[in-house]
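**Student:** mind folding the following:
(chains A and B)
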Amino acid sequence: MLSPEAIARIHKKRRRYPDARAAVLPALRIAQEELGHLPADAIRSIADLLNVPESEVYGAATFYALLRWKPAGRHVISVCHNLPCSLLGAETVLDHLSRTLGVGEGLVTGDGRFSFQRIECIGRCDGAPAMLVDDDYHGNLTPEKIDAILKQYE
Amino acid sequence: MDGLMQAMLLKRTAIPNSTDIDVAMAHGAYASVAKAYAMRPVDVIDEVRRSGLRGRGGAGFPTGAKWSFAAMDLKKPKYLVCNADEGEPGTFKDRFILEQDPHLLIEGMIIAGYAVGAEQGYIYVRGEYPAAAGILERAIGQAAAKGFLGKQLGGKGVSFELEVHCGAGAYICGEETSLLESLEGRRGQPRVRPPFPVNAGAWGKPTVVNNVETLANVPFVLGLGSEAFAGTGVEGSTGTKIFSVSGAVNKPGGYELPMGTTLREIIYTHAGGIREGRNLKAIIPGGVSTPMLTAGHLDVRMDFNSLAATGSMLGSGAVIVMDDRTCMVKATSVIVRFFEHESCGKCTPCREGTGWLSRIYQRMTRGEGRENDIEALLSICGKMKGKCFCPLGEGALQPVMSSIRHFRGDYERCVRKEGCDDGSCGAKAGAKV
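**Tutor:** Next up is the predicted model:
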């Protein structure tokens, strides 16, 4: 369930728009930030809070690639695989992560520490190949650099 | 940013702590706001119109004209929306402004809001830019504390508020009507036009949607005056452009240069030439939805009209450089897979067509190409062309048609299993391109 703090944040955001529905996407982001993903009861809570039909909250939520439906690892690694990163070795990055973490794309490591996925262009093409770990950017990736980066996240 | 004599938009990004309002103001931020408030809104619009400023998001629509349409509409309230959904692969120009000089954008939005009569602005920041969203929110708080945002501004009874609205991963939301759907809390699918957003945009009200870089130019239009502003650049494309250069170059980065700078100068003088001493093979001039060019196009000037004359587009000014180790079938397959993933599903030609294209490319890059694949790709493009609901589907065709036109040899060798320039023909799909 959403915490009172999250609900307060959603109400605050709602006041910034002429129509409550506009707070749906901010609310989904707040819920995911708190819960790590979007369980069905979070969708229901948001629908009730904003007085928008649950089906329509769900409809909006399923449109966006960064919203998650399953629990993720404590840290989410998102590897850009678009053209500039591909030209400079995105697949090497993905292969190395898969081997190092011992899990495939979209899965969570056994200790719950990491999950990793592909993502479309993250606008770090000047540091290709690049990835996001949670909200942090890492660029000019090499296998050695990736190993050092992973150590920063517990 | 070395060697930039003309840096204007990116000038403050080189200053430490430039996101702080006191630092930014010590270097000129918000100076154009007072200038705007001393003018009538209609005169601000006229100044922007005379400057020749055209939208930097991709379409190149004249900014002054867009503003005047919204200003002339009598419906109220009006909204100003900044499109910071910088999702065109290869593009990272707006990131510099959002993360390193947010006050430049806020200043531009205050002036734009005053000019068109909007009292509320929204900055739609893509979900992949979490740092930018936080920096903007802090900057907006500082601007409000200094009295640049709020009510009774400039002693004129003008109000203007700003709010950051974060996306959550959808390329289509860079298209302005999809962005408005997303802002309103719906799936980001495009709306039919007309009515255009200037008449019926956010919540059905007159709405100006401008790109970050476009709005960042506005303080300079007023600060320099339209005539001096138009002194940089070329006929039909005034001012500077931030080029995002990536791929096989020695110094990838953002380079702000006059409109009309040649590709040769951008790639060889500023971006340090092709990496590892290789030769240039292909150039995407304006993001992955713009038609590819070849080494034979190096002397093309990067401005709206010169690129249109080559059959390509300036787009977002994202220059993606490919060297002679690149297999164009694989490079194009990466782009087409992207469009398939990002097609919103609203219209059949795009939803199905991008899937058909992508499946053929995936098969070809697995080493299972067939002789008739090239004709099949062109036939699908022909059936999609002009029939897609919004520019996304049309954009998906450009890399396919242009790469076949310029690099047909790569496709022929691929389907005949004769090997390709990256030396890994027949390797598994998604191998290093």
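**Student:** switch to C-alpha atoms for all contacts and neighbour counts from now on
**Tutor:** Fine.
**Student:** in a helix, residue B:312, correct?
**Tutor:** No. Residue B:312 sits outside any helix when classified using DSSP: H, G, I helix; E, B strand; the rest coil, being coil.
**Student:** okay, now it: neighbour count?
**Tutor:** 21 (other Cα atoms under 10 Å in any protein chain shown).
**Student:** so what sits opposite residue B:210 in the bridge?
**Tutor:** residue B:82 (DSSP bridges).
**Student:** so which helix or strand takes in the residue nearest in space to the middle of chain A?
**Tutor:** Centroid-nearest residue in chain A: residue A:66, 4.7 Å away (criterion: Cα atoms, centre = their mean). Using DSSP states H and E, residue A:66 sits in no helix or strand.
**Student:** that one against residue B:127, yeah?
**Tutor:** Yes. Using Cα atoms under 8 Å, residue A:66 is in contact with residue B:127, at 7.3 Å.
**Student:** which ones are touching the residue nearest to the centre of chain A?
**Tutor:** B:127, B:168, B:169 (Cα atoms under 8 Å, 6 or more residues apart in numbering or on different chains).
**Student:** ok, and which of those residues reach chain A?
**Tutor:** B:127, B:168, B:169 (Cα under 8 Å from any Cα of the partner chain).
**Student:** give me the neighbour count for the first one.
**Tutor:** Right, residue B:127. Neighbours of residue B:127 (other Cα under 10 Å): 25.
**Student:** give me phi/psi at it?
**Tutor:** Backbone geometry at residue B:127, expressed as degrees, to the nearest 10, gives phi -60, psi -20.
**Student:** and it, what does it touch?
**Tutor:** Counted by Cα under 8 Å, 6+ apart, residue B:127 has contacts A:66, B:166, B:167, B:168, B:169.
**Student:** now with 6 Å, please.
**Tutor:** Residue B:127 makes contact with B:166, B:167, B:168, B:169, according to Cα atoms under 6 Å, 6 or more residues apart in numbering or on different chains.
**Student:** a markdown table please, covering the residues you listed and showing secondary structure and neighbour count.
**Tutor:** Formatted as a markdown table, the contacts of residue B:127 follow (DSSP: H, G, I helix; E, B strand; the rest coil; neighbours: other Cα atoms under 10 Å in any protein chain shown):
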| residue | secondary structure | neighbour count |
| --- | --- | --- |
| B:166 | strand | 24 |
| B:167 | coil | 27 |
| B:168 | coil | 23 |
| B:169 | coil | 23 |
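**Student:** spell out which parts of the stretch 101-250 of chain B neighbour chain A.
**Tutor:** Proximity of the stretch 101-250 of chain B to chain A, by Cα under 6 Å from any Cα of the partner chain, involves residues B:128, B:168, B:169, B:170, B:183, B:184, B:185, B:186, B:187, B:246, B:247.
**Student:** leaving out chain neighbours, which residue sits closest to the first one?
**Tutor:** Okay, so that is residue B:128. Residue nearest to residue B:128 in three dimensions, not counting chain neighbours: residue A:122, with 5.6 Å by Cα to Cα, 6 or more residues apart in numbering or on different chains.
**Student:** pull the number of nearby residues for that neighbour.
**Tutor:** Neighbour number of residue A:122 under other Cα under 10 Å is 28.
**Student:** all helices of chain A, in order?
**Tutor:** A:4-14, A:24-35, A:40-50, A:54-61, A:83-87, A:90-101, A:143-151 (DSSP state H).
**Student:** just name the most buried of the ones you listed.
**Tutor:** Neighbour counts (mean count of other Cα atoms under 10 Å in any protein chain shown) averaged over each of the helices of chain A peak at helix A:83-87, with a mean of 30.
**Student:** so which of the residues of the stretch 101-250 of chain B next to chain A sit within helices?
**Tutor:** Per DSSP H, these map to helices at residue B:183.
**Student:** contacting residues around residue B:311?
**Tutor:** Per Cα under 6 Å, 6+ apart, neighbours of residue B:311: none.
**Student:** spell out which parts of chain A neighbour chain B.
**Tutor:** Residues of chain A lying near chain B by Cα under 6 Å from any Cα: A:21-22, A:24-25, A:60, A:63-66, A:84, A:87, A:89, A:91, A:121-123, A:125-126.
**Student:** which pLDDT value goes with the closest residue to residue A:14 other than its chain neighbours?
**Tutor:** In space, and not counting its chain neighbours, residue A:14 is closest to residue A:23: 5.1 Å by Cα to Cα, 6+ apart. If you check residue A:23, the pLDDT there is 98.
**Student:** now do residue A:23 against residue B:284, distance only.
**Tutor:** Residue A:23 sits 37 Å away from residue B:284, going by Cα to Cα, to the nearest Å.
**Student:** ok, now residue B:303?
**Tutor:** Distance from residue B:303 to residue B:284, by Cα to Cα: 14 Å.
**Student:** can you check residue B:165 too?
**Tutor:** With distances taken as Cα to Cα, residue B:165 is found 30 Å from residue B:284.
**Student:** cool, residue B:180 as well?
**Tutor:** 28 Å.
**Student:** just how off-centre is the helix or strand harbouring residue B:393 within its chain?
**Tutor:** In this structure, residue B:393 sits in helix B:391-406 according to DSSP H and E. Mean C-alpha position of helix B:391-406 versus that of the full chain (Cα atoms, centre = their mean, to the nearest Å) differs by 17 Å.
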